[in-house]
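**Q** okay, sequence plus prediction incoming.
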Amino acid sequence: MPHIRPYATSDREAMRLLCLRTARAGGDATGLFTDDRLWADVFLEPYLEFQPDLAFVVEHDGVPGGYIVAAPDTERFVARYRNEWMPRLATRYRQPPDDLVDEGAASLEAAITRLAFRPERMLRRGTEQHPAHLHIDLVPALQGRGLGRALVKTLLAELARRDIRGVHLGMDPANLDAREFYRRLGFVELAGHSLEDPLLGIETSAPL
C-alpha cells in the first residue's frame, strides 16, 4: 500500500531516477541530454541538500514512487544556491552561450543548463504572499489515486506549522495534466504571468 513519509537519505538515488523519468512534461527524459544527471541536479538535489526536512516521499513497493520538495523562503534559497550549489555544478557542467541556435534537444539541454546557473530566475514577481516554492513528481502508475493531493496537503501543513503563508510553483506549460491537477487542488494563477509562463500559488491554510 503506498504511503507518505518523510524523506530519508537512502531515498536519494531513487528520487533522482524518478525526477529523470518524469522530466519531459511528465514523461521519461532518459537519454535526452548528454548527462542524465542534469535534471535532478537542477530541480531536486539542491532541495534535498538545503531543506531535507521539507521533503516527503510516496513509498511504493519499498521505494519512492513520488515526492515533494520545497524551499520555505525563495530569496534565501536563491542566495544559498548561488553561493553553495553553483560551484558544485560548475565542476560538472559548462554554461552555454545565450545565443545558441535552436537545435532541438541540444537547445533544450542548453536552456536547462542555463537555468542551472541562473538561480535568480526563481525570484518571480507577485509571490510576496507565497514566499515558499515547491516541486512535485509522481510516477504515472500512482497518479489519480489521491497521492499527489496527499503530498501537497502534507507539505502545506508543515509550512503552515512554520507560519509560512503561501507557496508557489512554476510549471511546464506543455504539461496540461499537471495544470489541471493544480487547479483541482485550489492553486490559482498569480497575477502578471501568462499561459506560456505560468506561475501558480496556494495559501498554506487552503482546505484540500
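**A** That came through, no problem.
**Q** quick one: contacts of the lengthiest helix in the chain?
**A** Ranked by number of residues, the top helix in the chain under DSSP state H is helix 147-161. With contact meaning Cβ atoms under 8 Å, 6 or more residues apart in numbering, helix 147-161 is reached by 2, 4, 54, 56, 58, 65-68, 70, 72, 132, 134, 136, 138, 167, 181, 185, 202, 204-206, 208. For the C-beta atoms, the positions are set from N, CA and C on the backbone; glycine is no exception.
**Q** state the distance from the residue nearest to Arg12 when sequence neighbours are not counted to Glu128.
**A** With sequence-adjacent residues excluded and distances taken as Cβ to Cβ, 6 or more residues apart in numbering, Arg12 is closest to Leu48, at 6.3 Å. From Leu48 over to Glu128 the distance is 27 Å, taken as Cβ to Cβ, to the nearest Å.
**Q** ok, the two, which is more surrounded?
**A** Under the neighbour definition other Cβ atoms under 10 Å, Leu48 and Glu128 were set side by side, and Leu48 has more, 19 against 9.
**Q** that one touches Tyr7, doesn't it?
**A** Yes - Leu48 is within contact range of Tyr7, at 6.9 Å (criterion: Cβ atoms under 8 Å).
**Q** joint contacts of these two?
**A** Contact with both Leu48 and Tyr7 is made by residues 15, 55, 69, according to Cβ under 8 Å, 6+ apart.
**Q** may I ask which of the residues you listed has the most neighbours?
**A** Val69 (26 neighbours).
**Q** now that one: how far from Gly201?
**A** Using Cβ to Cβ, we find Val69 at a distance of 17 Å from Gly201.
**Q** and if you look at Arg16?
**A** From Arg16 to Gly201 the distance is 27 Å (Cβ to Cβ).
**Q** how about Arg24?
**A** 25 Å.
**Q** higher neighbour count, the two?
**A** Taking neighbours as other Cβ under 10 Å, Arg24 and Gly201 compare with Gly201 leading, 24 against 16.
**Q** any idea which helix or strand carries the residue most central in space within the chain?
**A** Compute the mean C-alpha point of the chain, and by Cα atoms, centre = their mean the closest residue is His135, 2.4 Å away. Following DSSP states H and E, one finds His135 within strand 132-138.
**Q** can you get me the start-to-end distance on stretch 137-149?
**A** 12 Å (Cα to Cα, to the nearest Å).
**Q** residues contacting His3?
**A** 58-59.
**Q** may I see the buried residues of whatever helix or strand comes next after the longest helix of the chain?
**A** As assigned by DSSP H and E, the chain's next helix or strand after helix 147-161 is strand 166-170. For strand 166-170, a neighbour-count test (16 or more other Cβ atoms under 10 Å) marks 166-169 as buried.
**Q** many thanks, have a good one.
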